[in-house]
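Novice: task: produce atomic coordinates for the following.
(one chain, ligands or ions: 1)
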Amino acid sequence: MNQVEMKQAVARAAIEFVPQGIVGVGTGSTANFFIDELAKIKGRFDGAVASSEASAQRLRGHGIEVLDLNTVGQMDVYIDGADEITRHLHMIKGGGGALTREKIVAACSRQFVCLADQSKLVDVLGRFPLPIEVIPMARGYVARQLVKLGGQPQLREGFVTDNGNIILDVLGLSILNPVELEGILNQIVGVVTNGLFAQRPADILLLGKESGVEVLRAI
Ligand code: 5RP
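Specialist: Numbers count the residues shown, from 1 in each chain. A predicted model of the protein is given here:
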């Protein structure tokens, strides 16, 4: 299997985790494959909460009802991809810029099922630049604080999040303790969310490998 086939394979495997009620749906190319799989079973669940406008549009395009999270409350499961993931199921997310809504929908879900091809599995997070969503007027201040922490922030040019904010992509941070760093970054005034998903990690990883889909739980 190549990378695209691995993403399609994990998207198919995720269907068994879809509840009868409402499913939380992530963002990105792997999530898009999952949405396409959901379309095939759309009579078997009630609807979806989307983590981005792009995913909402794709879901609606398939005739799947998209619900407002505030009318739904708690969900059984959230299914999404990741940019990097460790065997502790800590992740970097936000390559598609949807990290804030992803973190909100994940927080409202009892179970987080992550879909990833084998290139995403790492021993230590941080080769992928860490996305941080920032209130536009705080861009300079937040960037200076990130430099003090050892990071090299780069503005994601020409990109505005669904929430009207900017993204700083940060290389160079030491992410040996992702749970702690997630909290530290969230303390910087002007940061909306950072792309570390460690305080609320995934519960299950469906990992696409050349040999098939492996199911991993946190070690
Ligand atoms: C979007 C995300 C995605 O889950 C992440 O970027 C992975 O994307 P892809 O499935 O396209 O590799 O966090 O904000």
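
Novice: for this structure, which strand is longest?
Specialist: Scanning the chain for the longest strand, with DSSP state E as the assignment, gives strand 109-117.

Novice: just the C-alpha atoms of stretch 174-187, please, in CSV.
Specialist: Coordinates of the C-alpha atoms in stretch 174-187 are reproduced here as CSV (Å, rounded to 0.1, in the frame of the first residue of the first chain):
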residue,chain,number,x,y,z
SER,A,174,11.9,20.6,22.7
ILE,A,175,8.8,18.4,23.0
LEU,A,176,10.1,15.8,25.5
ASN,A,177,7.2,16.5,27.8
PRO,A,178,4.2,17.3,25.5
VAL,A,179,1.6,17.4,28.4
GLU,A,180,3.6,20.1,30.2
LEU,A,181,4.5,22.1,27.0
GLU,A,182,0.9,22.1,25.9
GLY,A,183,0.0,23.9,29.2
ILE,A,184,2.9,26.3,29.0
LEU,A,185,2.1,27.4,25.4
ASN,A,186,-1.6,27.9,26.3
GLN,A,187,-0.5,30.3,29.1
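
Novice: what bridges to the nearest residue to A48 once chain neighbours are set aside?
Specialist: On the basis of C-beta to C-beta, 6 or more residues apart in numbering, the spatially nearest residue to A48 that is not a chain neighbour turns out to be V25, at 4.8 Å. Quick note: C-beta positions are derived from backbone N, CA and C, even for glycine. With DSSP bridges applied, V25 shows beta-bridge pairing to A50, I79.

Novice: doesn't F45 make contact with V25?
Specialist: No: in this structure, V25 sits apart from F45 without contact. The criterion is C-beta atoms under 8 Å, and the distance is 10.8 Å.
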